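model the structure of this input:
(2 chains)
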There are 2 protein chains.
Amino acid sequence: MNIVEGVLNHSRLALSKAITAVENEYDEAVSIMTQIYPHTGNAYVIGITGPPGAGKSTLTDKLAKEYRKRGKTVGIVAIDPTSPYSGGAILGDRIRMMDLIADEGIFVRSMATRGSLGGLSQKSGDAVKLMDAYGIEVIIVETVGVGQSEVDIVKTADTTMVVVVPGLGDDIQAIKAGILEIGDLFTINKADREGVDKLNIEIEMMLELNQESVEWRPPINRTVASKDEGVIDVVDSIEEHRKFLFQTGKIEQIRASRIKTEITAMINDRLARYVDKEIISTDDFANTVIKLQNREIDPYSVVDNVVDSVLK
Amino acid sequence: MNIVEGVLNHSRLALSKAITAVENEYDEAVSIMTQIYPHTGNAYVIGITGPPGAGKSTLTDKLAKEYRKRGKTVGIVAIDPTSPYSGGAILGDRIRMMDLIADEGIFVRSMATRGSLGGLSQKSGDAVKLMDAYGIEVIIVETVGVGQSEVDIVKTADTTMVVVVPGLGDDIQAIKAGILEIGDLFTINKADREGVDKLNIEIEMMLELNQESVEWRPPINRTVASKDEGVIDVVDSIEEHRKFLFQTGKIEQIRASRIKTEITAMINDRLARYVDKEIISTDDFANTVIKLQNREIDPYSVVDNVVDSVLK
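Alright, predicted model coming up:
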């Protein structure tokens, strides 16, 4: 049985191998994903983002358990915020999730943010599709919402949840504002801390300012994920949003937009690979760099020439 | 006097206008940068990154003041970690810097992380070049070091400093590990907090593990930037690293690699613009998306076709 057959026949090992393949083996990934694609489109995808330290992993863990209680199979794709330089995901906080892994109805996968950016959103998207084709019903994609790439990843979800936490510094507030507009719902985690009412009011105010849709008003839930408090309400809110999307037909718009985003990233990634191989990594280009360093030529002319030479 | 002449003749207004142009007006930016480029290459570029809440802005502020005391003109390019959705930089913590702005020897500019990623690193790179051509001697590029795009921006600096802070959560530790390898020096800010010795040892240990160059051992400084403690030592360390780079000739390698990175980003950005205009935004492609949604075709075949159709 090959990997694709394995995934379609609910083999956990095959699913695991397939995700490893999309992470590491470009050619094999294309072959796997081409065969998998017709079997996708059934899972519901939840994106979870928020600043570092908001307790996203713990909350994700609890949401997964609540969905299991409700009879759903759950997949988790956790994007680790490591650089391309360290060459591997820091799995520290995923160890907490080991008890989840014992449950056959849950599949957890961490992915490192190495390689190209288009590459990462493609890889996480592929992991979601593989879990979908395997038959998982609810897939949670969790990532730190600071860099644009990370935000891009979660905003392709059906429902996007922004997790915030009281009492963090100024930078965090800026980030929070930045990711506000992608939140279909908000969760104030660590809600037993001081400052929770103030934060709630701040979010309400920002929602007032940014409100574009009168059809859906993002609910603000409060949780203490580590104590399992408020988790049921969050899942209820997600389910309400899901119902809203299907009843209004908005789900089709979201999924069309997701496909567009994915295809764009894949095309740009392919072109970037081509440019790197055929232009940037050539001896000829090393000479160009020397000329640029000596200010004999300017970068914009170089770019013009390269673009003219590669495009039809 | 046009903008380019203005910049070359040390007009602050022209510099400000030029940076606005590179942020917003693509065609004008190309024209400005082509003319500016021969006048660049004199400034020393310092990249500062670290997790949210590490006090990077305050430290940047103090470093700028110390460099002023040493008779250098200073530019600051602060990358605000806002999403493309909010449409503008959150300038909150930059207000602290207003007292710097009264000094003619300091030029501060915030840039939002909107638009394409290639776009952002290009724009911040252009801002650096404009400040350089204007005659600024030391340019500090400050960004939150979490997303890969932000890391990419600072790693093109001559000297890259990673700012860490004791007592943050687990996610932060992961981030710290991720950006460790790009640090030419480390600063533990808020060093009056508990946990500073532990953090120092952790960095030392990670440096041991990752040590590739025996020639330069990244120093670890401690600061309380808000109280102006330890700032002189940090500037001394930066100056030592600068000397090291020039004495060993490594500065040329760094700058060649920076040019390569910049050109690659510019080419990819141009190709992405082309693909968006000629393919993704066309009516024809809207039909393709519908077929993809219905699983009549698969994304990889679509990507193959598009790539074949655009490349020579």
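
may I see the buried residues of the longest helix anywhere in chain A?
Longest helix in chain A by number of residues (criterion: DSSP state H): helix A:250-275. Across helix A:250-275, burial judged by 16 or more other C-beta atoms under 10 Å in any protein chain shown covers A:250-251, A:254-255, A:258-272, A:275. In short, each C-beta sits where N, CA and C put it, glycine included.

overlap between those and the residues near chain B?
When contact is defined as C-beta under 8 Å from any C-beta of the partner chain, those meet chain B at A:255, A:259-260, A:262-264, A:266-268, A:270-272, A:275.

ok, the residue lying closest to residue A:188 once chain neighbours are set aside - contacts?
Nearest residue to residue A:188 in three dimensions, chain neighbours excluded: residue A:222, at 4.9 Å (C-beta to C-beta, 6 or more residues apart in numbering or on different chains). Contact analysis of residue A:222 by C-beta atoms under 8 Å, 6 or more residues apart in numbering or on different chains lists A:187-188, A:191, A:196, A:200, A:230.

ditto for residue A:15
Residue A:15 makes contact with A:6-7, A:107, A:130-131, A:134, according to C-beta under 8 Å, 6+ apart.

any chance of these in CSV with distance to chain B as columns?
CSV is the format used below for the contacts of residue A:15 (distance: C-beta to the nearest C-beta, whole Å):
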residue, distance to chain B
A:6, 19
A:7, 15
A:107, 22
A:130, 13
A:131, 17
A:134, 16
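
neighbour-wise, which of those leads?
Most neighbours among the contacts of residue A:15, by other C-beta atoms under 10 Å in any protein chain shown: residue A:130, with 32 neighbours.

all strands of chain A, in order?
Assigned by DSSP state E, chain A shows strands spanning A:44-50, A:74-80, A:106-112, A:138-144, A:159-164, A:185-188, A:220-222.

summarise which helices and strands the longest helix of chain A is packed against.
Packing partners of helix A:250-275 (3 or more C-beta pairs under 8 Å, 6 or more residues apart in numbering or on different chains; DSSP states H and E): helix A:117-134, helix A:231-248, helix A:299-310, helix B:250-275, helix B:283-293, helix B:299-310.

kindly compare burial across these and name the winner.
helix A:117-134 (a mean of 25; mean count of other C-beta atoms under 10 Å in any protein chain shown).

report the angle between it and strand A:106-112.
Here helix A:117-134 runs at an angle of 170 degrees relative to strand A:106-112 (axes from the mean of the first three to the mean of the last three C-alpha atoms, to 10 degrees).

could you give the angle of helix A:117-134 to helix A:250-275?
Helix A:117-134 and helix A:250-275 are oriented at 130 degrees to each other (the same axes, to 10 degrees).

give me the mean pLDDT for helix A:117-134.
The average of the pLDDT scores along helix A:117-134 is 83.

quick one: that helix to strand A:138-144, angle?
Using the same axes, to 10 degrees, helix A:117-134 lies at 160 degrees relative to strand A:138-144.

alpha carbons only: can I get helix A:117-134 in PDB?
What follows is helix A:117-134, C-alpha atoms only, in PDB (Å, rounded to 0.1, in the frame of the first residue of the first chain):
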ATOM      1  CA  LEU A 117       7.400  31.600   3.300                       C
ATOM      2  CA  GLY A 118       5.300  30.500   0.400                       C
ATOM      3  CA  GLY A 119       6.700  27.100   1.200                       C
ATOM      4  CA  LEU A 120       5.400  27.200   4.800                       C
ATOM      5  CA  SER A 121       1.800  28.300   4.100                       C
ATOM      6  CA  GLN A 122       1.800  25.700   1.300                       C
ATOM      7  CA  LYS A 123       3.100  23.000   3.600                       C
ATOM      8  CA  SER A 124       0.600  23.700   6.400                       C
ATOM      9  CA  GLY A 125      -2.100  23.900   3.800                       C
ATOM     10  CA  ASP A 126      -1.000  20.500   2.500                       C
ATOM     11  CA  ALA A 127      -1.000  19.100   6.000                       C
ATOM     12  CA  VAL A 128      -4.600  20.300   6.500                       C
ATOM     13  CA  LYS A 129      -5.600  18.700   3.100                       C
ATOM     14  CA  LEU A 130      -3.900  15.400   4.100                       C
ATOM     15  CA  MET A 131      -5.800  15.300   7.400                       C
ATOM     16  CA  ASP A 132      -8.900  16.200   5.600                       C
ATOM     17  CA  ALA A 133      -8.500  13.400   3.000                       C
ATOM     18  CA  TYR A 134      -7.600  11.000   5.900                       C
END
